[in-house]
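In: Give the three-dimensional model of this entry:
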Amino acid sequence: MPSLTLERFDGGLDRRKGAAVSDANRMRVLLNAYVTSGWHLAKRPGLTRIAQLEAGTVGLVAGLARLNTFFATAAVSHASSLFRALRLAHPSDSTRTLVAVYRGETFNGALYVSSEYDDGSLFHHYLDEAGAWAATTAYSLGAFREPTIANGFRYEVTSAGTSGGSEPAWPTTVGATVVDATVTWTCRSKAIADVNCPHHPSFVRLAQKIWSPGNEVVRYSATDAPRDWTTGGDAGFLPTGRHSPGDADPSGVGRYRAQLAVTHGDHVQTWTVDPDPDNHAIDQIMDVGSDFARTMNNVGQDLYFLSPFGFRSISNQKFTEQLEDLDVGSPVDELVVADLTLTTEPLSVYFHGQGQYWCRMHGGVVWVFTYSRVSKVYAWSRYEFPVSIDAMAELENELYVRSGDVVYKVDRNARSDDGVVYPVEVQLPYLAAKKPGQRKQWLGLDLVMRGTARVSYLTDPDDPARETPARAVTGDTRANGMIGVGCVSTELGVRLLNEDAEDWELQQATLYYDVLGAM
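Out: Purely as a prediction, here's the structure:
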């Protein structure tokens with residue numbers, strides 16, 4: 001009896017070819033499952049609720065051994081030691097509330113963050129420590145200090161003198177003053193005050209500087225001085241607009257190896273950058289662009305991002321050393337472009353603990369690219385979560401997602417999303433057993449599987465509705481005889497659906513058939 005065995009599913013979700021001619025290792029549907037390093041299909045991790053955060057914060061940024069959230073007005077303190085709430089006061093109006101935190105990175109032992117307020121204003125903040133106030137100490141004009149118990153503000157000496165013997169009552173309204181013996185302190189936010197800082201949502205730390213898009217340029221801070229965007233010969237800008245073949249305004253910045261990648265709506269520029277501005281130089285211009293700055297993330301040594309046409313990457317080719325944009329997302333382009341109509345602000349994270357690039361498109365829909373050079377896995381999946389994901393952050397190889405004021409851990413040991421069972425759906429390609437156009441009597445199926453699935457068969461690539469009733473199957477079926485199929489068709493697709501809160505994995509599928517002859 002002829003048979004056909006599938007034991008490599010390393011192609012993941014791939015819709016580039018038609019249903020009747022797709023390669024055997026590429027799935028038509030791969031929902032809530034991913035390709036393992038052994039080329040099997042496994043159920044994704046579930047969500048475990050770890051915190052109901054105190055109200056009043058936004059964002060989730062990993063840094064300095066904590067998961068950081070942010071507020072602007074009324075102070076918030078988190079009960080869980082895993083979390084820290086930090087103040088991002090508006091630099092001129094302390095009554096403004098924070099509506100979003102777009103990005104955060106650690107720079108010289110402190111967080112650098114971009115944010116937006118309820119009036120639509122955007123600001124960069126550097127949450128460094130200016131040093132604690134001390135009694136009976138001489139302070140010069142322009143010096144900064146903070147209270148001995150930090151309150152999220154910094155205080156500038158606007159009238160020099162010597163501090164008193166006891167700490168003053170620090171004001172928390174930006175611009176307000178307090179007299180401390182012969183010193184006058186003025187309350188300042190930790191926003192970057194330098195007028196040359198572009199305060200764009202996108203920024204990146206590279207070559208000991210902060211880089212961020214401006215109008216037709218990318219501006220950069222002084223070396224190791226993220227509050228200084230002006231000092232000549234150290235801070236400055238790259239004339240990216242001058243090199244633009246079309247759209248002159250940059251939309252985002254990211255790292256490509258040791259280079260700076262600058263995205264525009266219709267192209268990407270890569271620049272060699274250095275602490276010394278004399279060494280800055282443009283390297284390449286590639287004709288693929290992006291307006292989705294929050295989707296830029298490093299995968300291995302490549303840079304991935306979302307373009308209007310799907311996911312793309314910048315990669316250094318192994319043999320030619322020629323920079324190219326690669327259609328890394330081409331297997332799922334048609335599906336991703338459909339999702340783009342439902343999103344305005346996709347965001348991504350690289351999950352080192354799982355070797356995956358995650359991009360949240362809208363609500364709880366996440367496109368996942370599993371990557372392993374060693375195992376040669378380069379495969380897409382689609383995850384759907386029952387909660388809307390507002391922010392994602394990885395801390396110590398664990399991924400956390402925020403939905404409203406609830407934070408979940410992506411838990412390798414969980415098989416439900418906080419008690420909500422989610423389905424795993426796999427549809428294998430239509431298979432013709434290398435005999436296209438010939439009718440076959442499909443006799444049986446064997447599965448090497450962990451867990452349970454409802455199995456059904458699709459007999460017509462042109463009519464997906466032609467599907468047999470589903471049958472429940474558990475575990476490795478080879479020991480108990482094949483599962484009867486009983487279909488006659490030229491091609492056959494197999495659909496598996498797991499809807500139980502259990503570990504599930506598909507390792508092998510074998511179809512048995514007889515050839516009946518040409519149609």
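In: what sits opposite residue 473 in the beta ladder?
Out: residue 453 (DSSP bridges).
In: For it, give me its contacts.
Out: 447, 449, 452-455, 483 (Cβ atoms under 8 Å, 6 or more residues apart in numbering). Quick note: C-beta positions are derived from backbone N, CA and C, even for glycine.
In: Give me the three-state assignment for residue 332.
Out: Counting by DSSP: H, G, I helix; E, B strand; the rest coil, the backbone at residue 332 sits in helix.
In: Determine which two of the contacts of residue 473 are furthest apart.
Out: 452 and 483 (13.0 Å; Cβ to Cβ).
In: which of the contacts of residue 473 are buried?
Out: Restricting the contacts of residue 473 to buried positions leaves 447, 449, 452-455, with burial counted as 16 or more other Cβ atoms under 10 Å.
In: Next up, the contacts around residue 282.
Out: Residue 282 neighbours (Cβ under 8 Å, 6+ apart): 238, 243, 269-272.
In: at 10 Å what do you get?
Out: 238-240, 242-243, 260, 262, 269-272 (Cβ atoms under 10 Å, 6 or more residues apart in numbering).
In: For the residue nearest the centre of the chain, give its distance to residue 50.
Out: Here the mean C-alpha position of the chain is nearest to the C-alpha of residue 348 (Cα atoms, centre = their mean), at a distance of 1.7 Å. Using Cβ to Cβ, to the nearest Å, residue 348 is found at 22 Å from residue 50.
In: ditto for residue 26
Out: 36 Å.
In: so who does residue 235 touch?
Out: 194, 196-197, 209-210, 219-223, 225-226, 228-229, 277.
In: Tell me how many other residues crowd the residue nearest to residue 12 when sequence neighbours are not counted.
Out: The spatial neighbour of residue 12 that comes closest, neighbours along the chain excluded (Cβ to Cβ, 6 or more residues apart in numbering), is residue 379 at 2.5 Å. Residue 379 has 26 neighbouring residues, counting by other Cβ atoms under 10 Å.
In: which strands and helices sit next to the host helix or strand of residue 379?
Out: Using DSSP states H and E, the element containing residue 379 is strand 377-384. In terms of contacts (3 or more Cβ pairs under 10 Å, 6 or more residues apart in numbering; DSSP states H and E), strand 377-384 is packed against strand 12-13, strand 26-27, strand 29-31, strand 33-35, helix 333-340, strand 356-362, strand 365-372.
In: could you dump these to a markdown table with mean neighbour count?
Out: Converted to a markdown table, those look like this (neighbours: other Cβ atoms under 10 Å):
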| stretch | mean neighbour count |
| --- | --- |
| strand 12-13 | 24 |
| strand 26-27 | 23 |
| strand 29-31 | 21 |
| strand 33-35 | 27 |
| helix 333-340 | 16 |
| strand 356-362 | 23 |
| strand 365-372 | 22 |
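In: Now render those as a markdown table, adding mean pLDDT and distance to residue 61.
Out: Below are the helices and strands packed on strand 377-384 laid out as a markdown table (pLDDT from 0 to 100; distance: least, Cβ to Cβ, whole Å):
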| stretch | mean pLDDT | distance to residue 61 |
| --- | --- | --- |
| strand 12-13 | 96 | 30 |
| strand 26-27 | 95 | 34 |
| strand 29-31 | 98 | 30 |
| strand 33-35 | 98 | 26 |
| helix 333-340 | 95 | 25 |
| strand 356-362 | 97 | 15 |
| strand 365-372 | 96 | 19 |
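In: now for those, which one comes closest to residue 436?
Out: That would be strand 26-27 among the helices and strands packed on strand 377-384, by Cβ to Cβ, at 16.9 Å.
In: how far out from the middle of the chain is that closest one?
Out: The chain centre lies 24 Å from the centre of strand 26-27; the measure is Cα atoms, centre = their mean, to the nearest Å.
In: what residues does that strand touch?
Out: The contact list for strand 26-27 (Cβ under 10 Å, 6+ apart) reads 9-17, 33, 35, 41, 331, 379-381, 425-429.
In: again, only this time at 8 Å
Out: Outside strand 26-27, the residues that touch it by Cβ under 8 Å, 6+ apart are 9, 11-14, 17, 41, 331, 426-429.
In: I'd like those residues as CSV, with distance to residue 310 appended.
Out: Below are these laid out as CSV (distance: Cβ to Cβ, whole Å):
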residue, distance to residue 310
9, 22
11, 17
12, 15
13, 13
14, 13
17, 16
41, 22
331, 9
426, 22
427, 21
428, 23
429, 20
